[in-house]
Every structure is written in C-alpha cells, then in structure tokens.
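**Q** Sharing a model prediction with you, sequence too.
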Amino acid sequence: MDDLLTVEQLNIGFNQTQVIKDMNFGVKKGQLTSFLGPSGSGKTTVLRAIAGLNKHIKGHIRLAGHDITSLPPNQRNIGMIFQSYALFPNLTVADNVAYGLRVQRRPKAEIIKRVDHMLELTDMMAKKDAYPDELSGGQKQRVALARSMVLEPQLLLLDEPLSALDAKIRVELRDQIRRFQQELGITMIFVTHDQAEAMAISDDILIMNDGKIQQQGSATDIYERPRNLFIAKFIGNNNILDGTTLRSLGCVVNEQRQYVIRPELFTFDNSQQVSLAQDNRHSANAEVISIPGVVESASLLGDRLEFTFATTSGPRLKVKQLNTREHPEVAAHVNVLLRRDAVTPLVEA
Amino acid sequence: MTTERKWSVGILTMIAGLLLLPILATLIYSFATNWVKTILPASWTLKWYGQLVTNSDFLTATINSLIVGAAAVVVAMVIFLPVIFYINVFDERLKAKVRYLMVMPYAVPGIVLVTGLVQIYGNLPIPKLIFLILIITALSFPAFYQSLDNVFMSRDFRGMFEQARMLGERPVSAFVHVILPNIKTGVFVAMLLTFTTGFSEYVITNIFLNGDYETFKIYMYRLMKANGNANSVLTVCYFGLLILVAIILMKLSGKDVKAGK
C-alpha cells in the first residue's frame, strides 16, 4: 500500500532548541496511524507541521506526492480536530458543520444535503439547531468530527481528541472514530499519550520520544517486540531484566543484552512443589522455565490481578493473571512458569 | 430575604443613591428658573436648553469632541485590536511587557505628560490635532486592552482561528468571520471606553492645543464660570450623548452571541 503522506528530514526548532530531529516516516492511505508518546515528545508539533500551522520547519512534507511544505493550511486539503473542539460558539451545530462548505462556496442544496448526511452519521441530527454551549463534551467532539469530515479531506489530523472526556465517553467515541475512519476510508493521524487508546484503534503506531521516532509498526509489533528500553517501559507494565539476572532465573540468554518479559506471559504453577521445580531450572533444553518464589503482593485491576513475585534468587517480577479466583494468596510459596519464547531481547539499548 | 442579602442590597442602594443624586440634582437644576431656598425649584423652564442648542459654540464643541472620540476609536480598533489578538492568541509571553505599558498612563501625571508632549511634538509641522488623537488613543490603551484581554481569556480563540484556517479561510477572513463575532462584547466595551476617554479629555487637549480647539469639556469649564443653569444643561447633554453613543455602539455590535448566555 502506498504512503499518502511522507515526511522527510523534518527538523523543527523553537528558540535555539531542536524539538524535532531528522524525522522520517510515511502514513499509508486509508489507515489510522497514531502518534503515541509522553507529553513533550513532539507529537503535536509534528501534527501541526503537517497541518501547516507550524512555520518554523525544515525538511519536506509530501501529500499524495505533492510537496505541501510551504503551502498555507487552507490550501492543503487536510482537516484537523482540536483537543478543545474549537467549535464556533456563535454558530449552531448545523452552521458549524456547514462552515467549510460555505467557505468553498458550494451550492446551498449541496451544503444542506452533505451537512444532514454528516449529522446523521455522527448521530447529531437532533441537536442540529443547538449552540455549542448547549452540548456535552462528547457531542461537541462529534460535531467537530462532522465539521472536518464533511469536507472529505485527504488526511484528517486528530490532536488528542478524547483527552477532555470521561472514561466511558472516551471509549465510545474512540470506537466511533474508528468506525467513521473505516466506513468513509479516511486516512487519519491520531495523536494520543494513551497506549491503550492507540492500540485499540490503530493500523500503525509511531512511538515518539524526545523529538524522535522510537519505533513504527502495528500494535502487535510494538507490544510484543518493543525495540528499546524506552518503549519497553512506556508500553505495558513490562518486566525489564538484563541477561545476568535472567540467567540467575534459569534462562539461557546473552548476558550483555537487556530483555523484556510481559507480565501476562507468566503463569502460576500451583501443582508443583518448589523443590521439584528446581530440577529443570538450568536445563538448556527446557521449553518452560519454572521459577520459585513468594507472592509478595496482589492488586485487583478489575478483570485482572497484578502480583509482585519475589523470586528465590533475588529479582522481583510483575505477574498479571485473569481474575479467575484460582490464584495464590499473598505470602504463598509457589512457582511461576515462563515459556522461553516469552523472553524478548531489546534491539537497542 | 436573609440578613446578609438585606445588608448587600442596602449598601448597593446607598452607593447607587450617592452616585445618582448629583445627576438628578443637575437634571432638576437644568430645568429650574431659580432654585435657592426651596426643596424643589420654585418654577420650571426650557429656556436654558433653548439658549444652549442655538449657541454655535456648543455645536462646535460637541462636534470637536465627537471627532476626537470617534477618531480615537477608529485608531484603537485598527492598531490595538490586531495587536491584542496576536498577543493573546500567538505570543502570550508579551503580556508581561504589556502590563508595564498599561501602568504608564496612570504613573505619569497628566500635567507632566502634556509638558513633555508639547516639548517633543509642539513644533513639528504636522497638525496638532493628529497628535492629540494619537495621544488620547494611547492613553485609552489600558482600558481597551483590559476589556479585550478578559474576553480572549474566556475561550480557546487560537484553536478557533486555526480551525477556521483548516476549514479554508484566509487569515483576515478567519479573524473577521470567526474571531470578531465572538469578541463582540469586549469590542463594544473597549470602543465605548476609548470614545469616553477621547470625548471627555480636558487637560491634554487644553494645554497641547493651547485652547485653539474647544472641546465639550473645555466649553463646559468656560460656561461653569458664567452660568450655572446653562452648565447643568451641558452636563445633562453630556450624559445624554454618552448614552446615545453607547446605544449606537451596542446596535453596531449586534445582539450578543449565544455563547455569552
């Protein structure tokens, strides 16, 4: 699949500080790509550069093969949804949605038809004549979506569109955004600092930190094979262990490297005694390693439980299990089982 | 009504009474033939109004003041409004510097200010009226800025402006179509305060133009020495004019936005 958007050698600086450093990436047509990273990582800065709202840039931004680097925002055919919704308070919902079409001087009949269609799609028809201050946060964001989508932009940018909403509405609207994207075939870039949000709806994720792309790939790629220590710490609640420590637990690994083990890949082995497990700990051929220790603490996370497991040989492990009520008690001496292929080496330090 | 509420209403009524009583007395005095020892005037007349309206000095002073006030509003709208928009929307760090500017008109006494102005601009071959308008506009900056600053802080105007740009607007049309309709209330207050500053200015106008340009306030001061009743009429006219201008500006800025409900 071809890249609709390509960013080459993007550098952005403010007041002598280099915020974005030699960034290169592509966004595939018809996909939802997320920029994921902590605050200050440069996600919004890059998004604003793509929108044309940031003038202090070096490098090239191409949309469908055309260099748009020097074009003003109104000539890029790119839509944008802001975190604050940015609805126009003096206009009704219908007038807000019609705004861009009126700027384009579309015929009145076409404007009415397209606005009505978009209000139906976003389930905002009943609030057509309401003013923005009469709407809830979720409704405001749906109007903002309708206002941008009605123009059928080549690319739609969403700058943390859900961050001001409560948890339940967030999930509902997140799924709606994904549905709109797939039904209308819009190419979207979605900025978020919430990894669960990014993984739930994205075809492709760019992890950013310190003005650089740390890893680009599918949610599965990034979750199962984090490239470096930053991603391993940022995504999930991983166990990050060096080779020496892993060897002390019975894994045959390179002592010079660092490894990641996802907490849900451990299982408690209630059927065996600690002493029996010791036998195959150092067997290089064992597919499953049994690690003895004590359950130090357990936290209920709703559908899952998170344990701190103190191994007999020293290191503490994070272990996550489904809350099936068949789990060891705190202070119980048990073994955890770990498949050898669950130990993932980090490519970069 | 609670005791606290009664106290609040009582104090507010007293303040309102304190402010309104002189205006009411001036209004009554402007219709009085003679008002010395009685609670209300002994007899009533429209003579003072007739005399004033037919006086060419009154008309000239009114027009002169209207010119200064209106010109100050136009200059402030053209120069200050875009600057205040820029500061609030794109460069909030400048706000700290603007605060120094806002204090200056209050920190420098009028007489010191006008002496300096005469020294610097008095001998330049440019009509002094233009300088006067620019000076009065500058003096109205604190009031103009504060009226708009409060409005700009109430919403995400940067987001709205940028959204309009993303929807296809050019910068100027985005400002006119999206920003202006949503800052109407602030613009109205800013215009009214600037107009009032220009219309009622006395010290700078009198000294800087050396009495050659008689404004409403200068005429009022001259009349006060000659005829108390006529001066009351002038004061009533002054209030009437300001109320009229306020109504006109309110009409011009249209009905308030729904957002302000």
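**A** Everything's here; your move.

**Q** which other residues reach stretch B:20-38?
**A** By C-beta atoms under 8 Å, 6 or more residues apart in numbering or on different chains, the surrounding residues in contact with stretch B:20-38 are B:40-49, B:228-229, B:232-233, B:235-236, B:239. Heads up, the C-betas are built off the backbone N, CA and C, glycines and all.

**Q** the longest helix in the chain is where?
**A** If you meant another chain, say so; for now it's chain A. Assignment by DSSP state H gives helix A:167-184 as the longest helix of chain A.

**Q** oops, chain B please
**A** In chain B, ranked by residue count with DSSP H as the criterion, the top helix is helix B:56-89.

**Q** Does anything pack onto the helix or strand that comes right after that helix? Which helices or strands?
**A** Following helix B:56-89 in sequence order, the next helix or strand is helix B:95-107 (DSSP states H and E). Of the remaining helices and strands, those touching helix B:95-107 by 3 or more C-beta pairs under 8 Å, 6 or more residues apart in numbering or on different chains; DSSP states H and E are helix B:56-89, helix B:141-152.

**Q** Just want the angle from the longest helix of chain B to helix B:141-152.
**A** On the basis of axes from the mean of the first three to the mean of the last three C-alpha atoms, to 10 degrees, helix B:56-89 is oriented at 50 degrees to helix B:141-152.

**Q** which other helices and strands contact helix B:56-89?
**A** Contacts defined by 3+ C-beta pairs under 8 Å, 6+ apart place helix B:56-89 against helix B:95-107, helix B:128-139, helix B:141-152, helix B:157-166, helix B:184-199, helix B:216-226, helix B:228-252.

**Q** could you give the mean pLDDT of that helix?
**A** If you average the pLDDT over helix B:56-89, you get 92.

**Q** that older thread, as JSON lines, the helices and strands packed on helix B:95-107 with mean neighbour count would be great.
**A** Formatted as JSON lines, the entries for the helices and strands packed on helix B:95-107 read as follows, by neighbours: other C-beta atoms under 10 Å in any protein chain shown:
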{"stretch": "helix B:56-89", "mean neighbour count": "18"}
{"stretch": "helix B:141-152", "mean neighbour count": "20"}
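
**Q** Can you give me the domain boundaries for the chain?
**A** Answering for chain A, as no chain was given. For chain A, automatic domain parsing gives the domain ranges A:3-233, A:237-345.

**Q** hmm, I had chain B in mind actually
**A** Using automatic domain parsing, the domain parsing of chain B gives B:1-45, B:55-260.

**Q** Dump the helices and strands packed on helix B:56-89 into JSON lines; add mean pLDDT and distance to A:Leu165 as well.
**A** Output for the helices and strands packed on helix B:56-89, formatted as JSON lines (pLDDT from 0 to 100; distance: least, C-beta to C-beta, whole Å):
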{"stretch": "helix B:95-107", "mean pLDDT": "84", "distance to A:Leu165": "30"}
{"stretch": "helix B:128-139", "mean pLDDT": "88", "distance to A:Leu165": "45"}
{"stretch": "helix B:141-152", "mean pLDDT": "91", "distance to A:Leu165": "25"}
{"stretch": "helix B:157-166", "mean pLDDT": "95", "distance to A:Leu165": "16"}
{"stretch": "helix B:184-199", "mean pLDDT": "91", "distance to A:Leu165": "29"}
{"stretch": "helix B:216-226", "mean pLDDT": "85", "distance to A:Leu165": "56"}
{"stretch": "helix B:228-252", "mean pLDDT": "86", "distance to A:Leu165": "38"}
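
**Q** I'm done for today, thanks for sticking with me.
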